[in-house]
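# below are the sequence and a predicted model; questions follow.
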Amino acid sequence: MNLLPFFQWLEGTAGSIAIRESTLLYPIIETSHVLTLCLFLGMIAMLDLRLMGVGLRGVPVSAVAGNLLPWALAGFVLMAISGMLLFYSGPVRASENVFFRVKMVMIGLTGINALLFHFTIYRRVADWDVDATPPWRARAAGVCSMVLWCLVVICGRMQAYNWFDKARG
Amino acid sequence: MDWLPLFQWFEATAIGTTIRESLWLFPMIQCGHLLALAMLGGAVLVVDLRLLGLGLRAVPVGTLAAQVHPWLVGSLAVIIGTGWLMFLSEALKCFYSPPFWYKMGLLVVATVFALTVRRRVLGSEVGRVGAGLTAVTSMGLWLGVGFAGRWIAFY
């Protein structure tokens, strides 16, 4: 399925042009996207550190997950909204960008990792809730989450550089 | 005081020149700065939320602050280190960028606040209002630092 014609149409809509050509709108959306990282990824990182057994070791895992995941979810919603607005402001370039494509795949993988964790080892969290070092499957989920989200951030930052755009001529 | 000669000297340092002339170094340092931002923001936010009676309520404030402290210090070291490297590579651009000066001013205020008022509040029993005001001030100051920092790229 070729989405390019759709993105070309999207790029010509009034909203897309308005964000792209505004002096303040684009920087404000972009800054919101970056700073919401502290809320979203910051809270996810706290849980990942706990799962890896290297941070918040004295706090039960279920307390960290239960108390912080609602905040991470709120952060994710803000990231997604601001991210979609950024995409909307230039969908053709973004969708053709290799970093954007890798980033979307990585986000998908973080979702699979989170689902796997919640429906397997986390179901038996009562058995290891207060262990300073969780079982290896929980530690593996923490490492995977941390690595994947780091790659998402790196790809997102690199997407702004146009080296590969130029190479396409 | 005239800062310009100092900034010119920073710009001409070997480290600054090397980063400026490399295609990949600056973006890679930026990525490190961003990842450290997420961790530092998380470490500050989780404690400030707790001061407001939100987030990790299962743990007392003092315990949480102590548990998070190593990650706060570690990410702070990375964000300061990468920040210096980026600054050296574009010191003159920073000199003429208003957001850079706002960021540095806010950074001084936020750091002093964290090491004085916030530290004392974390180590003692303070009323709900006092704790809440401290948390809101802390979050507001750091948000200002981050906001101004992002705008160095725009102005």
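Right, received. Where do you want to start?
# quick check: mean pLDDT across the helix or strand residue A:29 falls within?
Under the criterion of DSSP states H and E, residue A:29 resides in helix A:25-52. Throughout helix A:25-52, pLDDT has a mean value of 94.
# now do the same for residue A:57: helix, strand or coil?
Under the three-state scheme (DSSP: H, G, I helix; E, B strand; the rest coil), residue A:57 adopts coil.
# wait, doesn't it sit right on residue B:67?
Yes: counting by Cβ atoms under 8 Å, residue A:57 does reach residue B:67; the two are 7.2 Å apart. For glycine as for every other residue, the C-beta is placed from the backbone atoms N, C-alpha and C.
# buried stuff in the helix holding residue A:29?
A:26-52 (16 or more other Cβ atoms under 10 Å in any protein chain shown).
# which of those are close to chain B?
Contacts with chain B within the buried residues of helix A:25-52, as defined by Cβ under 8 Å from any Cβ of the partner chain: A:27, A:30-31, A:34-35, A:37-39, A:41-46, A:49.
# any idea which of the residues you listed is closest to residue B:111?
If you rank those by distance to residue B:111 using Cβ to Cβ, residue A:38 comes first, at 16.8 Å.
# ok, whichever helix or strand residue A:82 is part of near chain B or not?
Here residue A:82, judged by DSSP H and E, is contained in helix A:61-89. Yes: judged by Cβ under 8 Å from any Cβ, helix A:61-89 comes into contact with chain B at A:63, A:64, A:66, A:67, A:68, A:71.
# about what we covered before: tell me which other helices or strands the helix holding residue A:29 touches.
helix A:14-21, helix A:61-89, helix A:136-158, helix B:25-51, helix B:128-151 (3 or more Cβ pairs under 8 Å, 6 or more residues apart in numbering or on different chains; DSSP states H and E).
# run the chain-centre distance for it.
Per Cα atoms, centre = their mean, to the nearest Å, the displacement of helix A:25-52 from the mean C-alpha position of its chain is 8 Å.
# again, but for stretch A:114-121
Taking Cα atoms, centre = their mean, one finds the center of stretch A:114-121 at 18 Å from the center of the full chain.
# ok, now stretch B:61-75?
With Cα atoms, centre = their mean as the basis, the mean position of stretch B:61-75 lies at 15 Å from the chain mean.
# what's next to it, contact-wise?
Contact with stretch B:61-75 is made by A:46, A:49, A:55-59, B:36-37, B:39-40, B:43-44, B:46-47, B:50-51, B:56, B:59, B:122-123, B:131, as judged by Cβ atoms under 8 Å, 6 or more residues apart in numbering or on different chains.
# give me the buried subset of the residues you listed.
For the contacts of stretch B:61-75, a neighbour count by 16+ other Cβ under 10 Å gives the buried set as A:46, A:49, A:55-56, A:59, B:36-37, B:39-40, B:43-44, B:46-47, B:50-51, B:56, B:59, B:122, B:131.
# give me the buried positions along the longest helix seen in chain B.
Longest helix of chain B, by residue count under DSSP state H: helix B:61-89. By neighbour count on 16+ other Cβ under 10 Å, the buried set for helix B:61-89 is B:61, B:64-65, B:67-68, B:71-72, B:75-76, B:78-79, B:82-83, B:85-89.
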